[in-house]
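Asks: Here you go, sequence then predicted model.
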Amino acid sequence: MNKSTFLAFVALASGSIASQAQSRFSHQTVGKSLTLKTARGTMSALNGALPKKAEAASLYMPKHEKTYEYMDGEWMDGGDYYYEYDKRGNILTLTYDDGYTKTRAAITYDDNDMWTEQVTSISEDGGEYVNSERKTRKYDPIVKDLVVELRSYVWQDGQWTVMGNANKRDISRDSRGYVEGMVISTWYDGAFSPLERTTVTMDDIEQPGTWLHERIDENGAWSEEQTLKDMTWASCDGQIVAYDYGDFFAGNNRLKKATAWNGGVQTGLISAVYDETGKTENRTISLTYLKVEGSDEPYGRDDVEYNYTDDNGSFVSTDKYYSDVNGDNVLTDDELTESYKSILQIDDHGNEVLAEEYEGDELIAGTKTERTYDPETDALKETVSSEYDYEAGKYVPMMKIVSDEFVDVTDGIVSAQTQQSVGRTEVYTLSGIKVGDSINGLPAGVYVVKNGNKTFKVVKK
C-alpha cells in the first residue's frame, strides 16, 4: 500500500478502493483505467425523483469572471471568462479571453441537464471564430447520468475528424433491467476495440452474487483481473455498472461482504459496515489480503473509515494498513505499517473550502479555498485558492476568481422542499434525477443539493 494509492482512495466521498488493493487481491500489477470512469452514486430514474412539493428559488449566476494567478508576490491577470445560460441555469456558451485569443465552447444538454455536445472554436486577434474541437456524449437510458459513449473530434480540412479520445460502454441487462455485464471499448485504428469487461452472475435470491472483471491482455485474449464471490449487499438496485469494485461502497449499490479471487485462488476478504440511522453516510471498509502460496506479499489488512462531520458533506477518512511482519497470521496494533488521513470540508453552499491529505500526522498536500458570497443574492462573488507547499510547510496563494454581472436564471429552476429532516446529502439534477451523495466527481453544471431541512443549488465549474 503506497501513498499515491491511498490518496486516490480517499479523494472522493463516494470512496473508490485503491488500485493497490485490487492488485493485492489479484497478485498482478493492475493499472487503473481512465476509460469512462463510472459516475459516482448513479441510480435509476425511478428512484431519483424530487419530492412533489417544490418552490421557486432565485439563482444568480455570473456573466463575467476575472481570473488571476499569484506570481512573485502579486496577482497577475489570468484572463476573462464570459457566460451565457439557458432557462435552467445550464451554461450555453463559455468564452475565455486571454487578451490575444478567444476560445469559445458551445454546450448542448439533454432533458436531464447532462451535456451531450461541446463544440470549441477559436478567434485569433479578434477575427472570425474557427472550429477547433468537438466532444459528444450519450447516456444510459436507465442510469441517466452514466456516459455510455464519448467521442472526440478535431477540425481538419474543413470537417470533423475522430480523435483517439473516444470510449464506449455496451451494457447488457436481463428481463428485469438488472445489469448482466458490460464491455468497455476504446477507439483504436478507426474503430472501437474492446478493452475491459465485467460479468455479473445472480445468486439464489436474485441479487448479484459474483462479479468478474477482465481485461484484454497483450495477446488479445480476455484475462481475469479480479473476481468477487459470495457477495451480500446492504443495498442494491441491480445497476452494477462499475468496473472498479471500489465503487461498491456508496450510492445505491453498497457491498456488505465478499470474497476476492484470482486464478481460482482466494486472495482476500471484503467487509463493510454502514451507518443505518439515515443521518449520515459513515462507513468502515475492511480489506483483508490473504497470504497466497508463491507470493511474497504478507498477510495484511486495510481498515478504511469515513466519518461525516456535518450535513454539508464534509468528512474525515482514515486508512490504517496492518502487515503481518512476524508471520504469525495475527494482526495486532503493533503491526500498523502505514496510516493516512484525508479531510474534506464543504460550506453550506455545497462548495469545497478545504481538502487536506496526511501521512500519519504529517500534512503532505492540501488546498484551501476562501469564498465570498453576496449576503442579498447568495451569489458567489470571489474565490481565492491556496495550495499547500510541502517544502515550505505552508499554504501559498495560487488563483483568484472575481465574479460580476450577475443574472437571475430562475426560469424553469425549482428547489426541493424537504419533507423531513434526514441529515443526508443528496444531489439531483435540475430535472429531478438523483446523481449522487456529493458534488465531487460530477461534471460542471447546476445541481440541487438536499441536506436535512436545507435545500440549495450549487454551481459547479
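Replies: Good, I have the coordinates. Numbering: from 1, shown residues only.

Asks: and the gap between Ser223 and Val183?
Replies: As judged by Cβ to Cβ, to the nearest Å, Ser223 and Val183 stand 14 Å apart. Using the backbone N, CA and C atoms, a C-beta is placed for each residue, glycine as well.

Asks: what residue ranges in the stretch 1-150 of the chain score low on pLDDT?
Replies: 1-57 (pLDDT under 70).

Asks: thinking again about what came up before, more crowded one of Ser223 and Val183?
Replies: Val183 (17 against 11; other Cβ atoms under 10 Å).

Asks: what sits against the more buried one?
Replies: 169-170, 194, 196-197 (Cβ atoms under 8 Å, 6 or more residues apart in numbering).

Asks: beta partners for it?
Replies: In this entry, Val183 is beta-bridged to Asp170, Arg197, by DSSP bridges.

Asks: Model confidence for it, exactly?
Replies: Val183 carries a pLDDT score of 97 in this model.

Asks: again with Trp233
Replies: 95.

Asks: what are the C-alpha coordinates of the one helix or strand Val304 maps to, in PDB please?
Replies: If you go by DSSP states H and E, Val304 is part of strand 300-308. Provided in PDB are the C-alpha atoms of strand 300-308 (Å, rounded to 0.1, in the frame of the first residue of the first chain):
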ATOM      1  CA  GLY A 300      -2.400  -7.900   5.800                       C
ATOM      2  CA  ARG A 301      -5.400  -5.700   6.200                       C
ATOM      3  CA  ASP A 302      -6.600  -2.200   5.300                       C
ATOM      4  CA  ASP A 303      -9.200  -0.600   7.600                       C
ATOM      5  CA  VAL A 304     -10.700   2.500   5.900                       C
ATOM      6  CA  GLU A 305     -13.200   4.600   7.700                       C
ATOM      7  CA  TYR A 306     -15.400   7.500   6.600                       C
ATOM      8  CA  ASN A 307     -16.900   9.800   9.200                       C
ATOM      9  CA  TYR A 308     -19.100  12.700   8.000                       C
END
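
Asks: Narrow the contacts of Val183 to those that are buried.
Replies: Buried residues within those, counting neighbours by 16 or more other Cβ atoms under 10 Å: 169, 194, 196-197.

Asks: what sits against the spatially closest residue to Trp261 that is not a sequence neighbour?
Replies: Leaving aside its sequence neighbours, Trp261 sits nearest to Thr227 (Cβ to Cβ, 6 or more residues apart in numbering; 4.3 Å). With contacts defined as Cβ under 8 Å, 6+ apart, Thr227 is in contact with 210-213, 260-262.

Asks: Could you check how far Thr227 is from Leu212?
Replies: According to Cβ to Cβ, Thr227 stands 5 Å off from Leu212.

Asks: on that earlier part again, redo the buried ones among the contacts of Val183 as CSV? Include pLDDT and distance to Thr372.
Replies: Conversion of the buried ones among the contacts of Val183 to CSV gives the following (pLDDT from 0 to 100; distance: Cβ to Cβ, whole Å):
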residue, pLDDT, distance to Thr372
Arg169, 97, 41
Pro194, 95, 49
Glu196, 96, 44
Arg197, 97, 48
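
Asks: closest to Tyr447 among the residues you listed?
Replies: Arg169 (23.1 Å; Cβ to Cβ).

Asks: could you say which helix or strand contains the nearest residue to the closest one once chain neighbours are set aside?
Replies: What sits nearest to Arg169 in space, not counting adjacent residues and going by Cβ to Cβ, 6+ apart, is Val148, at 4.5 Å. Using DSSP H and E, Val148 falls within strand 147-156.

Asks: Dump the C-alpha coordinates for stretch 382-394 into PDB.
Replies: Provided in PDB are the C-alpha atoms of stretch 382-394 (Å, rounded to 0.1, in the frame of the first residue of the first chain):
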ATOM      1  CA  GLU A 382     -15.000  35.900  -5.100                       C
ATOM      2  CA  THR A 383     -12.900  32.700  -4.800                       C
ATOM      3  CA  VAL A 384      -9.300  32.600  -3.600                       C
ATOM      4  CA  SER A 385      -7.400  29.300  -3.700                       C
ATOM      5  CA  SER A 386      -4.200  28.400  -2.000                       C
ATOM      6  CA  GLU A 387      -2.100  25.200  -2.300                       C
ATOM      7  CA  TYR A 388       0.000  23.600   0.400                       C
ATOM      8  CA  ASP A 389       3.700  23.900  -0.300                       C
ATOM      9  CA  TYR A 390       5.200  20.800   1.300                       C
ATOM     10  CA  GLU A 391       8.800  22.000   1.100                       C
ATOM     11  CA  ALA A 392       7.900  25.400   2.600                       C
ATOM     12  CA  GLY A 393       5.500  23.900   5.100                       C
ATOM     13  CA  LYS A 394       2.800  26.500   4.400                       C
END
